[in-house]
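K.L.:
starting from these lines, generate the structure:
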Amino acid sequence: MNASMLSYILFSCLLLSVQAQNCSVREIIRYTNRLLEESSVSCPCRETAGNSCSCLPIAEPGHELACFVEGTEHMLKNNVSSKEVIERLNLTFQTQRDRNLCESLARGKQCQYKTKGNVKEFLNKILRTYQAINK
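P.N.:
Numbering: from 1, shown residues only. Take a look at the predicted model:
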């Protein structure tokens, strides 16, 4: 292996760590895990009025941040417990979306999804998304 190859590999690693830093990966994973521990909501998501279960968008690839912003805003409006944690997540997602900090997640400003899920499914989607960046 020559020196230019080694410097390329080191540079690539540096870029990945910066990408992970800009994405606040560890912080988001920590908050999401906390919410999952507290969340007793595992009821099925049905989009009918009078249903206590929140239906949140499960994002298509490249639209995660827009959907995470939309989903956490919905959680805040529907007075979920852990309001401070959800507000912090919401603000982080908004900042990442508006400043294109997590390029792989923020290709679209609109939330695009094919399915909706309950709070637990939504939080698991956030967790899986940021764990993938962290690898």
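K.L.:
and the residue lying closest to residue 92 once chain neighbours are set aside, how close does it get to residue 70?
P.N.:
Distance criterion C-beta to C-beta, 6 or more residues apart in numbering; nearest residue to residue 92, sequence neighbours excluded, is residue 24 at 5.4 Å. (C-beta placed from N, C-alpha, C; glycine too.) Counting by C-beta to C-beta, to the nearest Å, the separation of residue 24 from residue 70 is 18 Å.
K.L.:
backbone phi and psi for the residue nearest to residue 92, please?
P.N.:
Taking degrees, to the nearest 10, you get phi 50, psi 40 for the backbone angles of residue 24.
K.L.:
how many residues are close by it?
P.N.:
Burial of residue 24 is recorded as 20 neighbouring residues (other C-beta atoms under 10 Å).
K.L.:
low-confidence bits of the chain, can you list those?
P.N.:
Applying pLDDT under 70 to the chain flags residues 1-22, 40-43, 46-53, 79-80, 106.
K.L.:
the helices in it, which residues?
P.N.:
Using DSSP state H, the helices of the chain run over 3-22, 25-38, 64-77, 83-98, 119-134.
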